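Undergrad: Have a look at this prediction, sequence included:
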Amino acid sequence: MSDVELFPGHVSPLGLGTIPHEDVHLYSGRELLQRVVEGLYPAPPIAAVLNFALTGVEEGRTVFRGVPNKRHLNPLGMVHGGWAATLLDSALGCAVHSTLAKGEAYTTVEFKVNLTRPITPDTGEIVCEGRVIHKGRTLAVSEATLKDSNGKLLAFGTETCSIFPVANLAAR
């Protein structure tokens, strides 16, 4: 494996891949995500396609950073709303992931996004922060904001996730 640049100044030293399912029994959700931040696991493939990365994790909170570019434009020359939605979904879901015990997994049940300002390739680096606002035994709810480097709100969203034993994940 070799270094993969996710966006200017941020490299994944182990390339692209996923967290091995067997490791979900060894570490909590926060520990697994921290290992991604530290480069002990590869970055997920979507991060290279959309130029973003997980850069911070705490219990119930995650931070992603990304830089949109011309490859992410819609026909009118704005960054496609799907770019913002994917970044928000990542922060929302990983915020829930950061609260999971060893052996637990999650999946998104639903999410909602509000786009408040246009994003262009000139917007520069964007910060997306997600946090859990409720966690029960089988469901969790999170919220996230997407801001430019000046702190202007570009989008926000909420998400509901289902929590279950990792053994229930479909075989790869």
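TA: In hand now; what should we look at? No experiment lies behind these values; they were computed from the predicted model shown. Numbers count the residues shown, from 1 in each chain.
Undergrad: C-alpha only now, for contacts and for neighbours.
TA: OK.
Undergrad: quick one: contacts for the closest residue to residue 104 other than its chain neighbours?
TA: Distances taken as C-alpha to C-alpha, 6 or more residues apart in numbering place residue 165 nearest to residue 104, at 4.6 Å, with adjacent residues excluded. Residues in contact with residue 165 (C-alpha atoms under 8 Å, 6 or more residues apart in numbering) are 103, 104, 105.
Undergrad: Could you double-check that the last one sits in contact with residue 97?
TA: Put plainly, it is residue 105. Yes. The criterion here is C-alpha atoms under 8 Å, and residue 105 meets it with residue 97 at 7.3 Å.
Undergrad: Neighbour count: the two, which is higher?
TA: For residue 105 versus residue 97, the count of surrounding residues by other C-alpha atoms under 10 Å is larger for residue 97: 29 against 22.
Undergrad: what about the nearest residue to that one once chain neighbours are set aside, neighbour count?
TA: Closest residue to residue 97 in three dimensions, ignoring its sequence neighbours and counting by C-alpha to C-alpha, 6+ apart: residue 29, at 5.1 Å. By other C-alpha under 10 Å, 26 other residues sit near residue 29.
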